[in-house]
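*Asks:* sharing a sequence plus its predicted fold:
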Amino acid sequence: MMTRTVGVLVFALLLAGWTGTSRAEQAKDTLKADVDQILTILKTSKKGAPGRTQKLDAVLRGIFDAGELARLTLAANWKSFTPDERARFTEAFVKLLEHTYLRRIENYTNEQVQILSESSLGQNRSEVSTKIVGSSGDITVVYRLMEENGAWKVYDVVIEGVSLVMNYRSQFNQILATKTPDQLIADVQAKNQ
């Protein structure tokens, strides 16, 4: 399920066109620029070309709010992590997501995305519902974005009702029930190898 989820997320990021209020327009403009960068990289360099992965990685890091994603994923456990453990977990977790996304980006096959609705989630937060239309069926994807210092970043993605944050939170809570933060970090780092 997670591999399909990550693939759907990447396709939706590549294709989404955003509409809405002026605050959402700012999110739209930021995300569109990032998506355009990804598409340019995919169109102008071949799979395996030197530097391609690093360029895609840099763009992906700009799309997501790594700190908020890590904090929300750990939830109450975040407080039990030291500042050093938080930094190491955030880096390891982001690398895990990037590796998974980068593998999926290569499988882009011209799926179409429809914008269904936008709604405010409160001050500096919004949610955009989309539908990916592909040959294997339609998939609903909801993006949760937050604005900080004038920049909109994705902090969660809900694919067919399953939150990326909640999915990982459940997995990490199970691990932290029997292991230390350092052991969780080591487990996540091991998956990045």
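*Replies:* The structure has been received and is ready for your questions.
*Asks:* and the strands in this protein?
*Replies:* Secondary structure of the chain (DSSP state E): strands at 112-122, 125-134, 137-148, 151-159, 162-163.
*Asks:* closest one to residue 40 among the ones you listed?
*Replies:* Each of the strands of the chain has some distance to residue 40 by Cβ to Cβ; the shortest is strand 112-122, at 18.1 Å. The C-beta positions use only the backbone N, C-alpha and C, and glycine is treated the same way.
*Asks:* pLDDT score for the spatially most central residue of the chain?
*Replies:* The geometric centre of the chain, computed from its C-alpha atoms, lies nearest to residue 64 (Cα atoms, centre = their mean), at 5.5 Å. At residue 64, the model reports a pLDDT of 87.
*Asks:* any idea how far residue 82 is from it?
*Replies:* Per Cβ to Cβ, to the nearest Å, residue 64 is found 23 Å from residue 82.
*Asks:* re the thing from before, which residue, neighbours along the chain excluded, lies closest to the residue nearest to the centre of the chain?
*Replies:* Distances taken as Cβ to Cβ, 6 or more residues apart in numbering place residue 154 nearest to residue 64, at 5.1 Å, with adjacent residues excluded.
*Asks:* residues near that neighbour, how many?
*Replies:* By other Cβ atoms under 10 Å, the residues close to residue 154 number 21.
*Asks:* which strand residues bridge it?
*Replies:* Here residue 154 sits in beta bridges with residue 64, residue 145, going by DSSP bridges.
*Asks:* just the one 5 residues further on next, same as before
*Replies:* According to DSSP bridges, the residues that bridge with residue 159 are residue 141, residue 162.
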